[in-house]
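J.: Below: sequence and its predicted model.
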Amino acid sequence: MPLNRREFTKQTAVAGAGLALTGVVGALATAPEALASDESEVYGAGHGESHGHALGYGPLVADPEGVLALPAGFSYRIVTHSGVTRMESGELTPSNHDGTAAFAGPRGTTYLVNNHELYGPRVNWPHPVPLTEGLVYDPTAPGGCTVVEIHRDGTVAEWVGLAGTSTNCAGGSTAWGTWLTGEENSDLAGVNGMTKDHGYIFEVDPRDRGANLDPKPIKAFGRYDHEAVVIDPKRGHAYLTEDAALPFGLLFRWVPPKGFEHGRGKLRTLADDAGVLQAFKCTDSGGRFVDDLSRATRIGTVYGVDWVDVPDRDARTVPVRKQFGPGEVTRGCKLEGMWWADGGAYVVSSFARAEWSPGAAHDGQVWFYDPKRRTLTLKVLLGVNAAPEEDGALDGPDNITVSPYGGIVIAEDGRGLQHLFGATDSGRTYPIARNDLNDAEFTGVCFSPDGGTLFANIQEPGILLAITGPWRRQPRR
């Protein structure tokens, strides 16, 4: 049922007052016409301290090994390294690490599922995901997932969880302990040498190897350039981002069929047309249609959200995002990472440029969708980064996680130096790590189940890192 104006006014009054959420943040940097307040109001009482409590962990210290700069007292360990470390099979770790999640295992072990964003024919890549028998979807595709098991004594094992998929970018974990990996490529069979259609979500179980045999795409979630996915554990809805252009991608919601209950192995039992796939449509407080998320220029902007049914979710002849005409759905440039926390979904739009987007240019937004209120609230806005080659300048948020120490942690996929950085509830930022190896993006940021280790990847060549140190609760403001 569409959200009427009276309902929307009531909801925005609540949302605009601020949400009491663990990961709520404000402005990270000013953008032209983005904020009415001045910089002192944006950053609070100084950029490094707040009300006597230190923010962050101090300046980054260059790594003598030339891999990862960290604050004093922190250290890292390389867990897997493409072309260097070996899997259980003796084959080399595949390359281009991307979306990752951590899961608690037995006897103090930690499982990680690690995407490998590899596009096109396998022959183009020196280290594709190995074609392990029984785990292959399309033998011509190079991507997939590996499962990494870290034992309490520090020993590591790695094996294939899924092979023969394409461009496995982000994804998302589920409440029942599995990983949903998305193909950010929608080539049909016969394109780029593929023998099967691509552009789907697959499920990988890190604890049960047998559950991963005979991979089956979850076609009910639609076929398009998937980025991230989260599941609402209360309502059962799936939310999915699409990273695409010409036109820009969409935020989707999948509503399960009546009587469906989530759980291990349940998604692969769904019929291809099960449930309803929908795209979002936003309106402002005056009931006016919002065509693009770049229209929002102020932190705290609240949009009402309606959902529009997708005509052909498998996109046999027309890509899903092109099945809607002007005024039917809302779009966003570079819809990327998502994370479910605080009763809703955090959603990233990495950047927008004036020459591409109808609204204001920016170098990153983070939104929060509240399914109860059916509102989308802008929590983070990064102004255009005029000096991406300088340390401390930030742009291009991508993968995101909510921190057990308050606020959020963001993996940067920007134009210059690449960072992992944190943001407090009021939006002040602090550095956590800098890529000293190369200019490749950070991906797959997530904490271990006990909160003691922050995992992240340097995407190219493909290095999974475990960061430890004196983590502490960050000030809210």
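T.: It's in. Residues are numbered from 1 along each chain as shown.
J.: Only C-alpha atoms from now on, for both contacts and neighbour counts.
T.: Fine.
J.: pLDDT of the strand ranked longest in the chain, averaged?
T.: Longest strand of the chain, by residue count under DSSP state E: strand 156-165. The average of the pLDDT scores along strand 156-165 is 98.
J.: Beyond that strand, next helix or strand please.
T.: Next in sequence after strand 156-165, counting helices and strands by DSSP states H and E, comes strand 168-173.
J.: what sits up against that next one?
T.: Outside strand 168-173, the residues within contact range by Cα atoms under 8 Å, 6 or more residues apart in numbering are 98-101, 115-118, 143-145, 179-184, 226-230, 336-339, 399, 444.
J.: which other helices and strands contact the longest strand of the chain?
T.: Identification of packing neighbours for strand 156-165 by 3 or more Cα pairs under 8 Å, 6 or more residues apart in numbering; DSSP states H and E yields strand 143-150.
J.: who's in contact with the strand it packs on?
T.: With contacts defined as Cα under 8 Å, 6+ apart, strand 143-150 is touched by 109-119, 128-129, 156-168, 181, 204, 206.
J.: Let's see which of the contacts of strand 168-173 end up in strands.
T.: 98-101, 115-116, 143-145, 179-183, 226-230, 336-339, 399, 444.
J.: So for stretch 158-175, first residue to last residue, what's the gap.
T.: End-to-end distance of stretch 158-175 (Cα to Cα, to the nearest Å): 23 Å.
J.: Give me the pLDDT for T30.
T.: Each residue has a pLDDT score; the one for T30 is 26.
J.: Can you give me the separation between the closest residue to A387 other than its chain neighbours and N385?
T.: Nearest residue to A387, sequence neighbours excluded (Cα to Cα, 6 or more residues apart in numbering): A393, at 6.6 Å. As defined by Cα to Cα, A393 lies at a distance of 7 Å from N385.
J.: Name the residue in the two with the higher neighbour count.
T.: Set A393 next to N385 and count neighbours by other Cα atoms under 10 Å: N385 wins out with 21 against 17.
J.: need the contact list for that one.
T.: Contacts here follow Cα under 8 Å, 6+ apart; on that basis N385 touches D363, A393, L394, D395.
J.: Save those as JSON lines, and put in secondary structure too.
T.: Supplementary listing: the contacts of N385 in JSON lines, determined by DSSP: H, G, I helix; E, B strand; the rest coil:
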{"residue": "D363", "secondary structure": "coil"}
{"residue": "A393", "secondary structure": "coil"}
{"residue": "L394", "secondary structure": "coil"}
{"residue": "D395", "secondary structure": "coil"}
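J.: so how far is the helix or strand where L277 lies off the chain centroid?
T.: L277 is part of strand 276-283 when elements are defined by DSSP H and E. Put simply, strand 276-283 sits 19 Å off its chain's centre (Cα atoms, centre = their mean, to the nearest Å).
J.: Okay, now the sheet partners of that strand, with direction.
T.: strand 251-255 (antiparallel), strand 289-290 (antiparallel), strand 302-309 (antiparallel) (DSSP bridges).
J.: what comes into contact with the second one?
T.: When you say that, I think you mean strand 289-290. Contacts made with strand 289-290 from outside it, assessed by Cα under 8 Å, 6+ apart, are listed as K281, C282, T283, D284, G327, T330.
J.: Same question for stretch 65-80.
T.: The set of residues external to stretch 65-80 that reach it, using Cα under 8 Å, 6+ apart, is 57-63, 93, 156, 432-437, 462-470.
J.: Give me the buried subset of these.
T.: By the neighbour-count criterion of 16 or more other Cα atoms under 10 Å, the contacts of stretch 65-80 include these buried positions: 57, 60, 62, 93, 156, 432-436, 462-469.
J.: lowest-pLDDT helix or strand in this structure?
T.: helix 39-43 (a mean of 27; mean pLDDT, DSSP states H and E).
J.: In the chain, where is pLDDT below threshold?
T.: Flagging of the chain using pLDDT under 70 yields the residue ranges 1-53, 426-427.
J.: For the spatially most central residue of it, give its distance to V123.
T.: Within the chain, one residue has its C-alpha closest to the average C-alpha position: by Cα atoms, centre = their mean, that is G337, at 1.9 Å. With the distance defined as Cα to Cα, G337 ends up 29 Å from V123.
J.: Distance-wise, check the closest residue to I150 other than its chain neighbours relative to D436.
T.: If you skip the residues right next to it in sequence, I150 has V156 as its closest partner in space, 4.7 Å away by Cα to Cα, 6+ apart. As for V156, its distance to D436 is 24 Å (criterion: Cα to Cα).
J.: Check M338 too.
T.: Using Cα to Cα, we find M338 at a distance of 26 Å from D436.
J.: tell me the contacts of V308?
T.: V308 sits next to Q278, A279, F280, K281, E328, V329 when contact means Cα under 8 Å, 6+ apart.
J.: show me where the stretch 351-477 of the chain has strands.
T.: Counting by DSSP state E, counting those that start in this stretch, the stretch 351-477 of the chain has strands at residues 365-370, 375-381, 397-402, 408-412, 419-423, 429-435, 442-447, 454-458, 463-468.
J.: thinking again about what came up before, just checking, the residue nearest to the centre of the chain touches D398?
T.: Yes - judged on Cα atoms under 8 Å, G337 makes contact with D398 at a distance of 5.4 Å.
J.: list residues touching both of those two?
T.: Taking Cα under 8 Å, 6+ apart as the contact criterion, the residues that touch both G337 and D398 are V348.
J.: What's opposite the residue found closest to G58 once you drop the neighbours it is linked to in the chain in the beta bridge?
T.: Once its chain neighbours are removed from consideration, G58 has its nearest residue in P71; the separation is 5.7 Å (Cα to Cα, 6+ apart). Note on P71: beta-bridge partners by DSSP bridges are L60.
J.: P311 and Q278, how far apart?
T.: From P311 over to Q278 (counting by Cα to Cα), the distance is 9 Å.
J.: Of those two, which one has the most company?
T.: Set side by side, P311 and Q278 show more neighbours around Q278, with 23 against 13, by other Cα under 10 Å.
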